[in-house]
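Asker: need a structure here:
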Amino acid sequence: MLSADFANLASEADRMLRCGANWLHMKSWHFVPNLTIGSPVIDSLQKHTKVYLDCRLMVTNPLDYVEQLGKAGASGFTFHVDASKGEL
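Answerer: Just a heads-up that it's a prediction; the model follows:
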């Protein structure tokens, strides 16, 4: 989704599905304290698609983001275990 046109995110998601995608990869960057695509974007996009929204959390302490992204409509999460400060 990072290469999508953010002004037309819903239509970009639909275009990807028409091209054969069966889930969309919502990626954040490598072990940084902030997100590239956060809960407002997930919340907005999930209103326009039923596709599986995988949030790849390449951030420091990814568990800090799971609850808010889940409430926003994320379907699942991918993250590096070594990025977490605590127990999983």
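
Asker: quick one, strands of the protein?
Answerer: Listed from the start of the chain, the chain has strands (DSSP state E) covering 23-27, 52-57, 76-79.

Asker: in this structure Y52 contacts N22, no?
Answerer: Yes - shown here, Y52 and N22 form a contact pair, counting by Cβ atoms under 8 Å, at 7.2 Å. Placement of C-beta: from N, CA and C, glycine included.

Asker: tell me the contacts of the nearest residue to L63 once chain neighbours are set aside?
Answerer: Computed as Cβ to Cβ, 6 or more residues apart in numbering, the closest residue to L63 that is not its neighbour in sequence is S84, at 5.8 Å. Contacts for S84 (Cβ atoms under 8 Å, 6 or more residues apart in numbering) come out as N61, P62, L63.

Asker: export the strands of the chain to TSV and tack on mean pLDDT and mean neighbour count?
Answerer: TSV is the format used below for those (pLDDT from 0 to 100; neighbours: other Cβ atoms under 10 Å):
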stretch	mean pLDDT	mean neighbour count
strand 23-27	77	18
strand 52-57	91	20
strand 76-79	90	16
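
Asker: sheet partners, orientation included, of the worst-scoring helix or strand of the chain on mean pLDDT?
Answerer: For the chain, using mean pLDDT, DSSP states H and E, the weakest element among its helices and strands is strand 23-27, scoring a mean of 77. For strand 23-27, the paired strands and their directions (DSSP bridges) read strand 52-57 (parallel).

Asker: what does the strand it pairs with contact?
Answerer: Strand 52-57 is touched from outside by 22-28, 35, 37, 42, 45-46, 65-66, 69, 73-79, 83, with contacts defined as Cβ under 8 Å, 6+ apart.

Asker: for stretch 4-19, same thing?
Answerer: Counting by Cβ under 8 Å, 6+ apart, stretch 4-19 makes contact with M1, L24, V41, S44, L45, H48, T49, V51, all of which sit outside it.

Asker: cheers, nothing more for now.
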